[in-house]
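1. Below: sequence and its predicted model.
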Amino acid sequence: MARDDIPPPYTAVARHPMFPDVRHDEAARFNFLAHLNRYLSQTLGAGNRLAWERRVRPAFVAEHGREPRDRHEVRRALNRDPFHRFWSALRRNSMEMRQQNGLSIVLRQARDLAERAAAFNRDQPTLELDPEVTTPRYQAAVDIHCMPGSYHGELFPGDVSAGANYDCGLFATTGGALGALSDGGGQAIVRWVKETRPGWRPRRILDVGATIGHNAVPIAQAFPDADVWAIDTAAPVLRYGHARARALGVTNIRFVQMNAEDLSRFPDGFFDWVQTTMFLHELSGRALPRIIAEGARVLAPGGLMLHLEQPAYTDAMPLLEQALRDWDAFNNNEPFWSAMHALDVPAIMEAAGLPRAGQFTARLKAVVDTSVFPEARTGEGEDHGRAAAWDAYGAWKPAAEARQAA
C-alpha cells in the first residue's frame with residue numbers, strides 16, 4: 001500500500017519525447033527536495049501554529065493590548081519569531097535549490113531540447129509566435145517562483161529551456177500530487193465539466209496563461225473535436241508546450257503568443273469556454289479585471305468561464321492561515337498573490353457582464369494518478385489526502401434569449 005507520509009520517487013514522472021534527460025544524481029536531488037518540501041509543509045510547518053499560540057500571539061497582545069486586526073499584522077509578528085524565520089528560510093532555499101537543479105538539467109542540453117522542439121514545431125500552423133508581443137511590466141519585474149529568467153527568458157533564438165525547466169521540476173515541487181504528467185489541474189477540470197454538464201460539446205476553448213499546456217492538453221484530449229487555443233505572452237514556454245503536445249499526440253491545440261488583456265483578434269462570443277488555471281494570482285490589479293472582461297466578451301452566450309485558484313481570503317478563514325498562505329507573496333516571488341486572494345473575484349466577473357445568478361463556486365480536486373499513487377490493495381480507491389485541490393470561480397454566460405428578455 002502506498003504511504004501517505006512520503007512523496008513518490010522521481011522515477012514515476014512521465015518522460016515524453018520532449019522531456020529533458022534527467023540523470024541519476026539530478027533525480028536524486030529532486031527526490032531530496034520533494035521530501036524536504038513535504039517535511040517543511042507538514043511536520044515542521046506545524047511548528048508555526050505552536051509558535052503563534054505560545055509565543056507570538058501572547059507577545060503581540062501584551063505589546064498592543066489587543067488581537068491582530070489583519071493578516072499583515074500576523075505576518076509581521078511571525079517574522080520576528082526565530083522558529084518561523086528558520087522555517088521560512090528553509091522553504092525559500094528549497095525553492096531556489098529546485099530551480100537551480102532544474103536549470104542545470106536543461107542548460108546542459110539546451111541546444112538538443114531546442115532542436116527536438118524545432119522538429120515537432122517546424123511548419124506547424126498551430127504554433128503562432130509574435131515578436132511584437134512584449135512581456136507585461138508586472139511579469140517582467142520578478143523571476144516568478146524564483147525561476148531564473150521566469151517564463152520569458154531566452155538564451156538564444158528558439159530556446160525552450162524555460163518550458164523544459166518548468167516541466168521537469170513540477171513533479172518534485174508538488175510531490176507528485178498532479179500526476180505523472182503534472183496535469184492534475186486539467187484532469188480535474190475535465191472531470192468536473194463532464195459531471196456537471198454531461199454531453200456538452202464545446203467547439204472552441206480558450207486557455208489563458210497556458211505556459212506549457214499542462215492543463216490545456218487534458219482538455220484537448222477530452223474534447224478531440226474542439227479547437228483549443230492556449231495563449232501566453234512568453235515565447236519559450238509556448239515553443240516547448242506546442243512540441244510537448246505534439247510529442248503526446250495532441251494536435252487540436254493552437255499555442256499562440258498573445259496578451260489576454262487585448263483579445264481583439266476574436267469577435268464577441270467566439271469561444272464556448274474561457275478559463276485560467278492558477279494564473280489569476282500572477283496578474284496585477286489592473287490586468288486581472290481587463291483579462292476577465294475580455295474573456296467575458298469573447299465568451300459565447302451559454303458558455304463557461306472558469307478560474308481555478310487557491311481559496312480566497314474571507315472572514316471565515318483564520319488570520320493565521322491567511323498570513324501563512326501569504327508567504328508566497330513575500331518570499332516566493334509572487335508579488336500579486338496576497339492582493340489577488342483578497343479580491344472579490346465574483347464582483348469582477350459581474351462587472352464584466354456575468355451576472356451573479358449565473359455564477360458558482362466549486363471545489364475541484366486533482367484526479368489521482370494511480371501510476372503515481374496506487375490504489376489500496378483492498379481495491380478501494382483512495383488518494384491518501386495527496387491530490388491537489390483548488391477553488392473554482394465560474395459562471396455560465398446568460399443565453400442570448402435571456403439577455404434579450406431582460
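-> Noted; the coordinates are in hand. Numbering: from 1, shown residues only.

2. pLDDT below threshold where in this protein?
-> 1-5, 375-386, 401-406 (pLDDT under 70).

3. Quick check, central residue of it?
-> residue 278 (3.5 Å; C-alpha atoms, centre = their mean).

4. ok, that residue - contacts?
-> Taking C-beta atoms under 8 Å, 6 or more residues apart in numbering, we find residue 278 in contact with 185, 308, 309, 310, 390. To be clear about C-beta, it is placed using only N, CA and C from the backbone, and glycine gets the same treatment.

5. Compare those residues and tell me which has the most neighbours.
-> Among the contacts of residue 278, residue 308 has the most neighbours (other C-beta atoms under 10 Å), with 24 neighbours.

6. Report the buried residues of stretch 268-283.
-> Going by neighbour count (16 or more other C-beta atoms under 10 Å), the buried part of stretch 268-283 is 270-283.

7. for stretch 37-56, same thing?
-> Going by neighbour count (16+ other C-beta under 10 Å), the buried part of stretch 37-56 is 37, 38, 40, 44, 48, 51, 52, 55, 56.

8. What ranges does this structure have for its strands?
-> 127-128, 204-208, 227-232, 253-257, 271-277, 299-309, 359-365, 389-396 (DSSP state E).

9. Between the ones you listed, which one is closest to residue 147.
-> Residue 147 sits nearest to strand 227-232 of all the strands of the chain, at 14.3 Å, using C-beta to C-beta.

10. What helices and strands are in contact with that closest one?
-> strand 204-208, helix 216-222, helix 235-247, strand 253-257 (3 or more C-beta pairs under 8 Å, 6 or more residues apart in numbering; DSSP states H and E).

11. Save these as JSON lines, and put in mean neighbour count too.
-> Output for the helices and strands packed on strand 227-232, formatted as JSON lines (neighbours: other C-beta atoms under 10 Å):
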{"stretch": "strand 204-208", "mean neighbour count": "24"}
{"stretch": "helix 216-222", "mean neighbour count": "23"}
{"stretch": "helix 235-247", "mean neighbour count": "27"}
{"stretch": "strand 253-257", "mean neighbour count": "23"}
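
12. For residue 142, which of those is the nearest?
-> Here helix 235-247 is closest among these (C-beta to C-beta), at 16.5 Å.

13. what's the angle between the closest one and strand 253-257?
-> Helix 235-247 runs at 170 degrees relative to strand 253-257, counting by axes from the mean of the first three to the mean of the last three C-alpha atoms, to 10 degrees.

14. who touches helix 235-247?
-> Helix 235-247 has contacts (C-beta under 8 Å, 6+ apart) with 16-18, 113, 116-117, 119-121, 124, 126-127, 129, 151-154, 158-164, 166-167, 210-213, 216-217, 220, 230, 232, 251, 253, 255-257.
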